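> all I have is the shape, not the residue letters:
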């Protein structure tokens, strides 16, 4: 097993648990969307059964995209039912985005990409942590030294 790959997966798992394990995780999702260029307004509360935020991405005032956001801090995968519920809350000119600390079932992915229906963006836990790391959102960077035993050095002693 590649030790570097193992370290990355451990860091992702630790980050996922620590950074999102807060009642204010919706604020952190709003921070991520804001850093990506959206203007975000909270609309929902815990157990609201609906949209948690509306996010607008504007392109130099020429056009804008209104996105309704559903945030799920779950340990289990998000199902296709949640995708359908969000789609039902959209108007013709809106997009949907589901952000979760977990992942999505294959049914949810198929539903989000279904032909002839409004597309729903899906941002799962691993991708969310990677996005934050790549963009430096909420990231504490640490430089580390990697030590490796050298067979040649050991043989000369």
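Structure received. A quick note: this is a predicted structure, and the numbers were derived from the prediction, not measured.
> name the SS class of the residue nearest in space to the middle of the chain, please.
The centroid of the chain falls nearest to residue 128 when counting by CA atoms, centre = their mean (2.8 Å). At residue 128, secondary structure determined by DSSP: H, G, I helix; E, B strand; the rest coil is helix.
> which residues touch it?
16, 32, 99-101 (CB atoms under 8 Å, 6 or more residues apart in numbering). For every residue, glycine as well, the C-beta is placed using N, CA and C.
> quick one: which of the residues you listed is nearest residue 134?
Set against residue 134, the nearest of the contacts of residue 128 by CB to CB is residue 32 (11.4 Å).
> top of the contacts of residue 128 by neighbour count?
residue 99 (26 neighbours; other CB atoms under 10 Å).
> just checking, which helix or strand of the chain averages the lowest pLDDT?
Using mean pLDDT, DSSP states H and E, helix 3-20 stands out as the lowest-scoring helix or strand of the chain, at a mean of 52.
> correct me, but residue 80 touches residue 113?
No. The pair formed by residue 80 and residue 113 falls short of the contact definition of CB atoms under 8 Å, at 11.0 Å.
> give me the more crowded residue out of these two.
Legend: neighbour count by other CB under 10 Å for residue 80 and residue 113, higher for residue 80 (17 against 12).
> ok, now which ones touch that one?
Shown in contact with residue 80 (CB under 8 Å, 6+ apart): 105, 107-108, 110-111.
> ditto for residue 137
31-32, 35, 131.
> what about it, distance to residue 147?
Computed as CB to CB, to the nearest Å, the residue 137 to residue 147 distance reads 31 Å.
> any idea which element residue 97 lies in?
When elements are assigned from DSSP states H and E, residue 97 belongs to strand 94-100.
> what segments of the protein are strands?
Counting by DSSP state E, residue ranges of the strands within the chain are 38-42, 53-59, 63-72, 94-100, 120-123.
> buried residues, the second one. List them.
Going back to what we said before, that points to strand 53-59. Of the residues in strand 53-59, those buried under the neighbour-count criterion (16 or more other CB atoms under 10 Å) are 53-55.
> repeat that for the fourth one.
Residues of strand 94-100 classed as buried by neighbour count (16+ other CB under 10 Å): 95-100.
> I appreciate the help and will end here.
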